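S.K.: this one's structure only:
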């Protein structure tokens with residue numbers, strides 16, 4: 001066995017191990033997860049005051065719908081306020097916010113541009129709410145989401161943050177349908193990480209925090225333009241529990257072009273790499289348990305696996321093309337020849353690496369199906385899965401390779417958009 005073959009076995013085995021670990025977690029908690037589908041809305045006792053901060057930068061087309069979805073939440077009106085912060089927009093976002101100038105449940109602010117984290121922190125500084133959350137100005141929250149998430153806080157007094165399930169809102173093209181499958185898989189993964197006490201990101205769309213969180217660990221930081229991930233790392237370091245409320249749904253607009261998706265995912269992956277480097281002191285430390293021994297290593301393994309296998313595939317493809325060109329230049333290419341096609345088991349690759357790869361894809365498909373069911377979008381078997389596998393197999397290696405290269409070359413953080 002050559003060194004490249006040995007490395008290929010190792011990377012695929014580790015990637016399979018990550019998925020199998022999540023699968024075992026799923027079946028270990030199967031009854032609990034199944035019960036979530038029938039879970040009624042919780043009866044809230046003394047509902048806490050909640051502030052939802054909407055950071056805005058050039059969101060004139062969507063901010064009205066975002067605020068309207070918050071105001072439509074099934075929650076006592078006198079216990080809910082909206083804080084919309086215009087972070088120096090250059091379009092008509094502020095004019096849109098002025099429509100709420102006299103609204104008794106909405107407060108609007110305008111500040112110089114300083115980045116999303118400064119807009120959220122501005123909102124935190126201007127509220128006395130018990131629970132503080134954010135909602136990106138291109139996202140919309142389901143009416144029962146807040147009530148369900150507050151129910152998690154009340155059922156688990158030690159929980160300091162609760163995250164929702166994200167769903168791609170109104171996909172219109174093949175790329176967005178592929179992202180819907182990806183987001184469904186993310187719901188599955190996040191619920192499993194929640195059960196393991198190992199969530200590594202509190203996403204901008206509608207994650208909620210007890211105000212004590214910011215008193216204990218501080219507010220948001222720029223953090224390589226992934227402030228929602230860095231705060232989760234900081235919470236894990238301080239042993240502040242994060243839960244996932246799987247049946248609290250938030251609908252978010254996803255990139256509609258490959259270029260926009262590339263920019264977004266490059267920022268996400270680069271942020272993960274940099275935050276993990278910044279918090280490398282947490283890796284393989286028993287006091288941080290599954291976050292230290294599973295979440296961070298599995299993320300690193302996933303990146304290494306895709307990057308390595310992509311390079312191996314590209315190398316093999318180049319060798320194949322060069323070999324064929326050489327053959328044709330020597331023997332010639334006869335268009336008039338007769339081609340005989342017949343099936344032969346010899347050409348079916350049954351090596352262990354091929355079986356492991358097939359098994360890995362089967363596990364990925366299972367995670368998408370399970371996530372789709374958790375998001376109550378049917379039985380999970382649909383063509384979105386095929387779109388996800390085909391599209392992401394081609395384009396995902398590019399942003400992963402670029403993120404790794406930017407890290408090695410120290411090129412700095414990618415643009416926000």
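M.R.: Cool, got the structure. A quick note: this is a predicted structure, and the numbers were derived from the prediction, not measured.
S.K.: Where does pLDDT dip in the stretch 301-417 of the chain?
M.R.: 332-351, 416-417 (pLDDT under 70).
S.K.: Residues touching stretch 218-231, excluding its own?
M.R.: Surrounding stretch 218-231, the residues in contact under the criterion Cβ atoms under 8 Å, 6 or more residues apart in numbering are 115-117, 120-121, 124, 200-204, 207, 217, 234, 267-268, 270-272, 274-275, 278, 413-414, 416. Where C-beta positions appear, they are placed from N, C-alpha and C, glycine not excepted.
S.K.: Out of the residues you listed, list just those in helices.
M.R.: Residues of the contacts of stretch 218-231 located in helices (DSSP state H): 116-117, 120-121, 124, 217, 234, 267-268, 270-272, 274-275, 278.
S.K.: Apply the buried test to those residues and list what passes.
M.R.: Among the ones in helices among the contacts of stretch 218-231, those classed as buried by 16 or more other Cβ atoms under 10 Å are 116-117, 120-121, 124, 234, 267-268, 270-272, 274-275.
S.K.: Taking those residues together, which two end up most distant?
M.R.: Pairwise distances across these peak at 25.8 Å for 124 and 270 (criterion: Cβ to Cβ).
S.K.: one step back: ok, the ones in helices among the contacts of stretch 218-231 vs residue 388, which is closest?
M.R.: For the ones in helices among the contacts of stretch 218-231, the closest approach to residue 388 (Cβ to Cβ) belongs to residue 268, at 16.3 Å.
S.K.: The closest one - nearest residue in space that isn't next to it in sequence?
M.R.: residue 226 (6.6 Å; Cβ to Cβ, 6 or more residues apart in numbering).
S.K.: ok, how many other residues are close to that neighbour?
M.R.: Residue 226 has 25 neighbours, counted by other Cβ atoms under 10 Å.
S.K.: Adjacent strands (with direction) for the strand or helix carrying residue 132?
M.R.: Taking DSSP states H and E as the definition, residue 132 sits inside strand 131-134. Using DSSP bridges, strand 131-134 pairs in its sheet with strand 50-56 (parallel), strand 208-210 (antiparallel).
S.K.: Determine which of those approaches residue 140 most closely.
M.R.: Residue 140 lies closest to strand 50-56 among the strands paired with strand 131-134, at 11.3 Å (Cβ to Cβ).
S.K.: Distance from the chain centre to the closest one, please.
M.R.: Computed by Cα atoms, centre = their mean, to the nearest Å, the chain-centroid distance of strand 50-56 equals 20 Å.
S.K.: buried residues in the helix or strand following that strand?
M.R.: Under the assignment DSSP H and E, the closest C-terminal helix or strand after strand 50-56 is helix 63-71. Neighbour counts over helix 63-71 (16+ other Cβ under 10 Å) mark 63, 65, 66, 67, 69, 70 as buried.
S.K.: Could you do stretch 381-401 as well?
M.R.: Going by neighbour count (16+ other Cβ under 10 Å), the buried part of stretch 381-401 is 382, 384-385, 387-389, 391-392, 395-397, 399-401.
S.K.: quick revisit: what's the closest of the buried ones among the ones in helices among the contacts of stretch 218-231 to residue 324?
M.R.: residue 270 (36.9 Å).
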